[in-house]
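I need the structure of the sequence given here:
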Amino acid sequence: MALHNKFGADGEALAAAWLEKNGYQVKHRNWRHSYYEIDIVATRNKMLHFIEVKCRHHSSMGYPEDSVTKRKFRNLKRAANRYLQLNPGHQWIQYDILSITFFKGKEPEFFLLEDVFM
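Predicted structure coming up:
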């Protein structure tokens with residue numbers, strides 16, 4: 001596995017653990033349909049969350065969440081629409097971005113952007 005793929009997979013595992021620690025029930029990781037993917041599908045209370053996970057080492061190049069483009073978000077919404085067609089019955093949905101920044105010699109920093117619209 002390429003290093004950037006391992007970094008992403010490790011970040012998604014950390015994200016799932018952080019979400020569970022904060023009251024979410026992770027239903028799926030890396031849910032795929034066709035060429036669309038949802039990093040994490042989770043529930044909390046009565047809300048179904050479609051969560052895009054972005055990880056980055058700390059740098060002056062910006063924050064991980066900055067790399068979620070309109071195109072990426074549009075693909076997330078398309079994947080979510082297909083998920084809802086295949087798994088009906090969810091009254092409340094939300095799109096979130098979970099940003100993880102890694103610092104040298106420190107614990108990672110988590111930042112959750114909730115109810116994102118683009």
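
tell me which helix or strand the residue positioned nearest the centre of the chain sits in.
Centroid-nearest residue in the chain, with CA atoms, centre = their mean: E52, separated by 2.4 Å. Per DSSP states H and E, E52 falls inside strand 47-57.

buried set for that strand?
M47, L48, H49, F50, I51, E52, V53, K54, C55, R56 (16 or more other CB atoms under 10 Å). Any C-beta I mention is one placed from the backbone N, CA and C, and that applies to glycine too.

right, and the last one touches E109 too?
If I follow you right, that is R56. No - taking contacts as CB atoms under 8 Å, R56 lies outside contact range of E109: 10.4 Å.

shared neighbours of the two, anything?
Residues within reach of R56 and of E109 at once, by CB atoms under 8 Å, 6 or more residues apart in numbering, are I100, T101.

this protein: helices as residue ranges?
3-21, 70-86 (DSSP state H).

low-confidence stretches in this protein?
Applying pLDDT under 70 to the chain flags the ranges 1-8.

give me the neighbour count for D39.
22 (other CB atoms under 10 Å).

now it, nearest residue through space, not along the chain?
Spatially, and ignoring its direct neighbours in sequence, D39 is nearest to V53 (4.3 Å; CB to CB, 6 or more residues apart in numbering).

pull the contacting residues for that neighbour.
Per CB under 8 Å, 6+ apart, neighbours of V53: G8, G11, E12, A15, D39, I40, I97, L98, I100.

state the distance from the residue nearest to the fourth one when sequence neighbours are not counted to F103.
The spatial neighbour of A15 that comes closest, neighbours along the chain excluded (CB to CB, 6+ apart), is V53 at 4.4 Å. Counting by CB to CB, to the nearest Å, the gap from V53 to F103 is 18 Å.
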